[in-house]
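1. Just to be clear, the model below is a prediction. Sequence and coordinates:
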Amino acid sequence: ESEYDLADFVEEEGFDTVKMYDEMMALVKEHVTNPYLLKLAELFSDKYRERFRVHYGAQKVHHAYLGGLMEHTFSIMKLAVICADHYRLDKDLLVIGALFHDIGKMFEFRTNPALETTMAGGLLGHIMIGTTMFQQLKNQIPDFPKDLEYKIQHLMISHHGEKEYGSPEIPKTAEAFVLH
């Protein structure tokens with residue numbers, strides 16, 4: 001028997017991630033009216049809720065702790081609502097783009113037993129992984145509008161702003177500029 005308790009080495013969230021997740025999804029229900037986007041958010045929540053709720057936001061720099069991805073995403077979503085209202089932008093699109101912009105981070109790196117990049121993360125990065133995740137969810141929604149698909153993908157692939165910073169494309173819409 002070991003003299004060490006492995007539980008002493010397991011990190012715990014520094015805040016109530018269940019409550020924050022519920023608040024984040026309530027923001028979606030309050031500010032998104034497009035039925036396709038509401039269904040997309042519902043499918044996302046059904047499939048990824050538990051993993052998203054506790055995943056790190058990064059391996060270092062910002063939000064590099066349990067629940068950091070959700071905390072970062074929720075912050076961006078709240079800013080998206082304010083900016084959409086102020087600049088009269090497509091709030092539905094901007095809120096969902098904010099929700100989806102970093103979802104690939106859930107599979108870009110893992111945190112257990114130690115923080116490390118996955119093979120998919122190292123070869124593809126979170127933007128490509130996230131775009132694939134979006135496609136898989138979107139494909140479950142009959143008659144999902146093609147123009148909406150392209151706009152969401154554009155938000156996801158341009159959110160780093162510059163190709164030098166990992167974005168496959170630069171922002172080309174007002175919503176993409178705001179999300180960046």
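-> Sure thing, it's come through. Predicted, not measured: the structure shown is a model, and the values here were computed from it.
2. Show the low-confidence segments of the chain, by residue range.
-> 1-2, 5-11, 113 (pLDDT under 70).
3. Now do the strands in it.
-> For the chain, strands defined by DSSP state E occupy the ranges 109-110, 116-117.
4. packing partners for the last one?
-> I take that to be strand 116-117. When contacts are defined as 3 or more C-beta pairs under 8 Å, 6 or more residues apart in numbering; DSSP states H and E, strand 116-117 packs onto strand 109-110. Every residue, glycine included, has its C-beta placed from N, CA and C.
5. need the contact list for Glu108.
-> Glu108 is in contact with 117-118, 120-121, 125-126, 129, counting by C-beta atoms under 8 Å, 6 or more residues apart in numbering.
6. among the strands of the chain, which is the most enclosed?
-> strand 109-110 (a mean of 16; mean count of other C-beta atoms under 10 Å).
7. Show residues contacting it.
-> Residues from elsewhere that reach strand 109-110 (C-beta under 8 Å, 6+ apart): 56, 59, 115-118, 121.
8. Can you say which of those are buried?
-> 56, 121 (16 or more other C-beta atoms under 10 Å).
9. Narrow the contacts of strand 109-110 to those in helices?
-> Gly121 (DSSP state H).
10. Redo the strands of the chain as TSV? Include distance to His63.
-> Shown next, in TSV, are the strands of the chain (distance: least, C-beta to C-beta, whole Å):
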stretch	distance to His63
strand 109-110	13
strand 116-117	17
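11. Run through the residues that contact the nearest residue to Lys78 once chain neighbours are set aside.
-> Leaving aside its chain neighbours, Lys78 sits nearest to Leu27 (6.9 Å; criterion: C-beta to C-beta, 6 or more residues apart in numbering). Leu27 sits next to 74, 77-78, 81, 95 when contact means C-beta under 8 Å, 6+ apart.
12. related to what we said a few turns ago, ok, of the contacts of Glu108, which one's closest to Leu99?
-> Leu99 lies nearest to His126 out of the contacts of Glu108, by C-beta to C-beta, at 14.2 Å.
13. quick one: the closest one and Thr117 touch, right?
-> No - using C-beta atoms under 8 Å as the test, His126 is too far from Thr117 to be in contact (10.3 Å).
14. Turn the contacts of strand 109-110 into TSV, including distance to Glu108.
-> Shown next, in TSV, are the contacts of strand 109-110 (distance: C-beta to C-beta, whole Å):
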residue	distance to Glu108
Tyr56	10
Gln59	9
Leu115	11
Glu116	10
Thr117	7
Thr118	6
Gly121	3
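15. Ok, which of the strands of the chain comes nearest Met156?
-> Ranking the strands of the chain by proximity to Met156 (C-beta to C-beta) places strand 109-110 first, at 17.9 Å.
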